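> give me a 3D structure for the following:
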Amino acid sequence: MMHEELKDPELGMVTIQEVRVVRDLSQAKVFYTSLDTRLSTAESSRRLNRLAGHLRWLLGQQLELRSVPRLLFVYDESIEQGERMDALIEQAVAHQGPADAEEPKP
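Reported below is the predicted structural model:
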């Protein structure tokens, strides 16, 4: 729905990573990532949140719910954090000397 209905070409390829809905279905936090770097994460969040009302209306047309949750878009930093952790681990392994890499033999 997002790829077909959103008419903002600067948003680029937005991928929904996770949606957390509160128990009473009043609000849904939508975690997303974007491969496009033309916009800052703050700007892409602002644009998505501006379009959230329209997306909520579209969801209401497709879902059989009494109430459609209010959508709040949040940039998901977990992938970038994972990449940073991988880089740190690789850096630590690269700095480890050959003698340090072997386990001491009993």
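> and residue 15, how many residues sit next to it?
13 (other Cβ atoms under 10 Å). The C-beta positions use only the backbone N, C-alpha and C, and glycine is treated the same way.
> how close does it sit to residue 48?
For residue 15, the distance to residue 48 equals 12 Å [Cβ to Cβ, to the nearest Å].
> now do residue 32
Note on residue 32: its distance to residue 48, by Cβ to Cβ, is 7 Å.
> please apply the same query to residue 34.
9 Å.
> these two - which one has more neighbours?
residue 48 (23 against 18).
> distance of the more buried one relative to residue 80?
Counting by Cβ to Cβ, the gap from residue 48 to residue 80 is 18 Å.
> tell me where the chain has strands.
Along the chain, counting by DSSP state E, strands occupy 14-21, 27-34, 70-75.
> determine how far the second one lies from the middle of the whole chain.
When distances are taken as Cα atoms, centre = their mean, to the nearest Å, strand 27-34 is centred 6 Å away from the chain's centroid.
> please export the C-alpha coordinates of it as PDB.
Taking C-alpha atoms only, strand 27-34 is exported to PDB below (Å, rounded to 0.1, in the frame of the first residue of the first chain):
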ATOM      1  CA  GLN A  27      -2.000   3.800  18.200                       C
ATOM      2  CA  ALA A  28       0.500   1.900  16.100                       C
ATOM      3  CA  LYS A  29       4.200   2.700  16.100                       C
ATOM      4  CA  VAL A  30       5.600   1.900  12.600                       C
ATOM      5  CA  PHE A  31       9.300   1.300  12.500                       C
ATOM      6  CA  TYR A  32      10.800   1.700   9.100                       C
ATOM      7  CA  THR A  33      14.100   2.000   7.200                       C
ATOM      8  CA  SER A  34      14.900   3.700   3.900                       C
END
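> neighbouring strands - and their directions - for that strand?
strand 14-21 (antiparallel), strand 70-75 (parallel) (DSSP bridges).
> any idea which helix or strand in this structure has the lowest mean pLDDT?
Least confident element among the helices and strands of the chain, by mean pLDDT, DSSP states H and E: helix 98-101 (a mean of 54).
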